[in-house]
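Show me how the following folds:
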Amino acid sequence: MVQPSKEPVSENPCEFVDDPQLRAKIASAVPEIQQYIANLCKRVRDLAKIGAALSAEHNLPKLLQMILEEARYFTNADGGTLYMMDEDGHALKFEIVQTDSLNIRMGGLQVIPSTGILCDFTYRMASPIMPWFRRMSA
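Numbering: from 1, shown residues only. As a prediction, the model looks like this:
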């Protein structure tokens, strides 16, 4: 996972704001609003780092794991699961599951066990998902 920035909040809560009038309004806002804006700007910086790391990765299992980990980080989720369509478009296949509170990490760069409920799960559909939907939900 790309490490979130640990930079302290600067005097300027959001360096992305170019408009001097808006900067003045932010500077005159209550500290809670300034902190909220600074946190949003920190997330933008973190997203830029994540985007650079994802675009540099060419190993598909590692890339999928990074996507799930970063999605969990930004949603503050305890766990997440990633499924992918099989080649014929009729089934969702388990790829990665992560749950911190249960200390579960399978798929991605971790070994998927050959037996068990999670690895045996495949959802078969009567007909293939429409190609446009498969692209949107990938």
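
For the longest helix seen in the chain, buried residues please.
What stands out as the longest helix in the chain, according to DSSP state H, is helix 31-56. Within helix 31-56, the residues that qualify as buried are 34, 37-38, 41-42, 46, 50, counting by 16 or more other Cβ atoms under 10 Å. All C-beta atoms are positioned from the backbone trio N, CA, C, and that covers glycine.

Which residue ranges of the chain form helices?
When secondary structure is read from DSSP H, the chain shows helices at 20-28, 31-56, 60-75, 117-120, 131-136.

Mind putting those into JSON lines with mean pLDDT and distance to Thr99?
Listed next are those as JSON lines, based on pLDDT from 0 to 100; distance: least, Cβ to Cβ, whole Å:
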{"stretch": "helix 20-28", "mean pLDDT": "87", "distance to Thr99": "38"}
{"stretch": "helix 31-56", "mean pLDDT": "86", "distance to Thr99": "21"}
{"stretch": "helix 60-75", "mean pLDDT": "88", "distance to Thr99": "10"}
{"stretch": "helix 117-120", "mean pLDDT": "48", "distance to Thr99": "11"}
{"stretch": "helix 131-136", "mean pLDDT": "45", "distance to Thr99": "26"}
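
Nearest to Leu92 among these would be which one?
helix 131-136 (10.5 Å; Cβ to Cβ).

Now the strand ranked longest in the chain: buried residues?
In terms of residue count, the longest strand belonging to the chain (DSSP state E) is strand 91-99. In terms of neighbour count (16+ other Cβ under 10 Å), strand 91-99 has its buried residues at 91-92, 94-98.

Which strands or helices does that strand pack on?
helix 60-75, strand 79-85, strand 104-107, helix 117-120, strand 122-124 (3 or more Cβ pairs under 8 Å, 6 or more residues apart in numbering; DSSP states H and E).

and that strand, which strands flank it?
When pairing is defined by DSSP bridges, strand 91-99 lines up against strand 79-85 (antiparallel), strand 104-107 (antiparallel), strand 122-124 (antiparallel).

Tell me which of those strands sits nearest to Leu63.
Proximity to Leu63 (Cβ to Cβ) singles out strand 79-85 among those, at 10.9 Å.
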